[in-house]
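> Below are the sequence and a predicted model; questions follow.
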Amino acid sequence: MRSIDVSEAIDNARFGGFQWSIVALCALLLIVDGYDVFVAGTVLPTLIKEWGLSKPEAGALQAWALFGMMFGALVFGQLADRIGRRKGIAISFVMFTVATLFTGFANTPEQFKALRFLAGLGCGGLMPNVVALMNEYAPKRLRGTMVALMFSGYSVGGMVAAGLGVWMIPVLGWKPMFWAAAVPLLALPLILWRLPESLGFLIRSGRDEEARQVFAKLEAGKGLAAQDTLVFNETKGATASVAELFRHDRSLRTLMLWMAFFCCLLLVYLLSSWLPKVMQEAGYAEKASLLTLFSLNFGGMAGAIAGGWLGDRFGLPKVVIGYFAAATASIALIGFNPAPTILFSLVFVAGATTIGTQILLYASVAQLYNMSVRSTGLGWASGVGRVGAIVGPTLGGVLLAREMPLQDSFLVFALPAALSTVAMLVFAFASRRASAPVQVAVVPGS
């Protein structure tokens with residue numbers, strides 16, 4: 001009879017087919033989530049014309065979905081630590097796909113706002129839970145890479161939104177962009193059938209037989225015998241509360257991650273909401289301006305995958321610091337309105353180092369907290385980040401309404417990236433101090 005620690009067994013075993021299916025399913029969920037988030041940016045120029053919106057009003061229109069994301073991240077992150085990742089993911093997925101579908105029937109800004117808020121609730125709840133689930137099934141040596149690979153689906157969703165918008169909006173208008181959300185609902189039975197529950201949650205909840213069935217599907221569980229028992233080394237961890245995020249010498253690191261999340265999501269949603277409109281005002285045609293959104297998300301996908309690979313080899317904090325420094329430079333340089341080839345290259349780098357870095361930040365949070373509070377930690381970090389996401393489109397609308405020079409606007413846009421660089425430098429220093437061995441002075445003769 002053996003007592004098998006499932007987290008240790010996963011760390012030591014080969015990454016097998018069952019775990020690859022989890023990556024694929026979570027990536028599929030995030031493709032839909034990314035589409036929902038970025039579709040609003042593709043239709044914004046059309047809504048401004050159709051509903052006669054000012055730029056600040058258009059920014060506020062975008063903010064309603066982000067308000068929903070903030071509350072969804074806080075509520076569903078903590079709820080899933082109690083009811084399970086799988087249920088939390090399913091509830092979130094149904095909520096945002098149905099709300100997005102009905103957004104296509106909105107005829108007034110007020111209807112649009114209400115439906116986008118509901119969609120935001122679901123989107124905000126989905127993200128921390130799929131990250132937490134993937135983090136628990138990936139071995140430590142590959143965790144950053146697998147989470148980043150899964151999360152690249154978010155950027156693929158943005159690319160799909162931009163690609164559809166290029167040909168659909170001029171021909172069919174903006175509403176079919178939201179009706180397309182009906183398609184992912186067809187995948188719900190597959191998700192509920194194939195997506196496993198967290199092993200740690202099953203063991204903590206006393207659902208041992210279910211845990212054995214799931215564990216047996218992993219490469220680590222091939223030799224599981226009938227008399228073996230499964231344990232999880234964090235099963236008796238702390239309760240899921242926000243106060244726990246500040247214990248065990250984590251206060252400074254938690255605050256710095258929150259600051260980085262705030263600034264990073266401010267940039268992601270500022271760029272995704274306003275980049276097509278800014279490019280149109282700079283003289284680019286509608287299709288070319290939408291292609292900048294495609295380039296932004298393509299960069300996000302490439303940046304996430306490369307960052308996860310680099311993070312597993314050199315440590316996530318070092319990579320995140322480098323990414324934020326590159327984001328500061330690339331965003332500032334976009335404002336100089338360079339030649340198209342250079343412009344699209346800078347937008348690609350900006351996407352890699354903002355959308356891609358957002359993904360690396362989620363992986364950083366998942367690694368900072370133990371299983372019992374991981375969804376809570378991810379939910380709160382995401383919730384604080386959503387405040388930045390709300391500020392981003394609103395700030396963009398206010399700045400653009402003032403008709404600031406393009407160069408000055410993008411210099412302002414680059415400031416959050418610079419602040420994030422500083423925050424992650426402090427985080428890295430605090431992490432180094434926390435992991436340093438304690439020196440105990442020995443007094444001779446004592």
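Now that the structure is in, tell me what you want to look at.

> I figured residue 146 was touching residue 24, is that so?
No - counting by C-beta atoms under 8 Å, residue 146 sits too far from residue 24 to count as a contact (11.3 Å). In short, each C-beta sits where N, CA and C put it, glycine included.

> what about the two, which has more around it?
residue 146 (23 against 14; other C-beta atoms under 10 Å).

> What residue, apart from its backbone neighbours, is nearest the more buried one spatially?
Counting by C-beta to C-beta, 6 or more residues apart in numbering, the nearest residue to residue 146 once its immediate chain neighbours are dropped is residue 138, at 4.0 Å.

> and that neighbour, how many residues sit next to it?
Neighbours of residue 138 (other C-beta under 10 Å): 24.

> give the contact list for it.
Neighbouring residues of residue 138 by C-beta atoms under 8 Å, 6 or more residues apart in numbering: 10, 15, 19, 146-147.

> Now, those residues that are in helices?
10, 19, 146-147 (DSSP state H).

> nearest to residue 62, of the residues you listed?
residue 147 (27.2 Å; C-beta to C-beta).

> State the distance from that closest one to residue 128.
Note on residue 147: its distance to residue 128, by C-beta to C-beta, to the nearest Å, is 12 Å.

> Pull up the overlap in contacts between these two.
With C-beta under 8 Å, 6+ apart as the test, residue 147 and residue 128 both reach residue 362.

> In terms of neighbours, single out the busier of those two.
residue 128 (34 against 30).

> which residues touch the closest residue to that one other than its chain neighbours?
Spatial nearest neighbour of residue 128, chain neighbours left out: residue 378 (3.5 Å); criterion: C-beta to C-beta, 6+ apart. Residues counted as contacts of residue 378 (C-beta under 8 Å, 6+ apart) are 73, 77, 127-129, 131-132, 362, 365-366, 369.

> Please identify the helix or strand for residue 378.
Using DSSP states H and E, residue 378 sits in helix 371-401.

> List the buried residues of that helix.
The neighbour-count check on helix 371-401 (16 or more other C-beta atoms under 10 Å) flags 371-397, 399-400 as buried.

> Can you show me the helices along the stretch 301-446 of the chain?
For the stretch 301-446 of the chain, the helices defined by DSSP state H, counting those that start in this stretch occupy 316-334, 340-368, 371-401, 406-435.

> Looking at those, which is nearest to residue 245?
Of the helices of the stretch 301-446 of the chain, nearest to residue 245 by C-beta to C-beta is helix 371-401, at 5.4 Å.

> average pLDDT across that closest one?
Averaging pLDDT along helix 371-401 gives 80.

> Then stretch 139-151?
80.

> do the same with stretch 172-187
88.

> And for stretch 156-165?
Stretch 156-165 comes out at a mean pLDDT of 86.

> Send me that stretch as CSV with only the CA atoms.
Extracted in CSV, the C-alpha atoms of stretch 156-165 (Å, rounded to 0.1, in the frame of the first residue of the first chain):
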residue,chain,number,x,y,z
VAL,A,156,-6.2,33.6,-31.2
GLY,A,157,-9.7,34.7,-30.2
GLY,A,158,-8.6,38.3,-30.7
MET,A,159,-7.2,37.5,-34.1
VAL,A,160,-10.4,35.7,-35.1
ALA,A,161,-12.4,38.8,-34.1
ALA,A,162,-10.1,41.1,-36.1
GLY,A,163,-10.1,38.8,-39.1
LEU,A,164,-13.9,38.4,-39.2
GLY,A,165,-14.3,42.2,-38.7
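
> ok, and what's touching it?
27, 30-39, 41-43, 177, 180, 272, 290-291, 293-294, 296-298, 300-301, 355.

> Among these, which lie within helices?
Using DSSP H, these in helices are 27, 30-39, 41-43, 177, 272, 290-291, 293-294, 296-298, 300-301, 355.

> Return the distance of residue 328 relative to residue 434.
In terms of C-beta to C-beta, residue 328 sits 27 Å off from residue 434.

> what about residue 98, how many neighbours?
17.

> got the contact list for the closest residue to it other than its chain neighbours?
Nearest residue to residue 98, sequence neighbours excluded (C-beta to C-beta, 6+ apart): residue 185, at 7.4 Å. Residues near residue 185 by C-beta under 8 Å, 6+ apart: 94, 97-98, 101.

> What about those residues, which one has the most neighbours?
residue 97 (23 neighbours).

> Pretty sure it sits against residue 122.
Yes - here residue 97 reaches residue 122: they are 7.4 Å apart, a contact under C-beta under 8 Å.

> Quick check: neighbours shared by these two?
Contacts common to residue 97 and residue 122, judged by C-beta under 8 Å, 6+ apart, are absent.

> dump the residue contacts of residue 434.
249-250, 253.

> got a pLDDT number for it?
74.

> And residue 283, by the same measure?
Reported pLDDT for residue 283: 70.

> Tell me, how many residues neighbour it?
For residue 283, using other C-beta under 10 Å, the count is 9.

> List the buried residues in stretch 58-69.
Going by 16+ other C-beta under 10 Å, stretch 58-69 has these buried residues: 58-69.

> and for it, what are the contacting residues?
37, 40-41, 44, 47-48, 53, 109, 112-114, 116-124, 269, 273-274, 382, 386, 389-390, 392-398.

> How far does it sit from its chain's centre?
Relative to its parent chain, stretch 58-69 has a centroid offset of 17 Å by C-alpha atoms, centre = their mean, to the nearest Å.

> what mean pLDDT does that stretch have?
In the prediction, stretch 58-69 has an average pLDDT of 82.

> Dump that stretch to PDB, keeping only the CA atoms.
Extracted as PDB, the C-alpha positions of stretch 58-69 are listed here (Å, rounded to 0.1, in the frame of the first residue of the first chain):
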ATOM      1  CA  ALA A  58     -17.600  55.300 -26.500                       C
ATOM      2  CA  GLY A  59     -14.900  54.600 -23.900                       C
ATOM      3  CA  ALA A  60     -17.600  54.400 -21.200                       C
ATOM      4  CA  LEU A  61     -19.500  52.000 -23.400                       C
ATOM      5  CA  GLN A  62     -16.500  49.700 -23.500                       C
ATOM      6  CA  ALA A  63     -16.100  49.900 -19.700                       C
ATOM      7  CA  TRP A  64     -19.300  48.100 -18.800                       C
ATOM      8  CA  ALA A  65     -18.000  44.700 -20.000                       C
ATOM      9  CA  LEU A  66     -14.800  45.400 -17.900                       C
ATOM     10  CA  PHE A  67     -16.800  46.300 -14.800                       C
ATOM     11  CA  GLY A  68     -18.400  42.900 -15.300                       C
ATOM     12  CA  MET A  69     -15.000  41.200 -15.700                       C
END
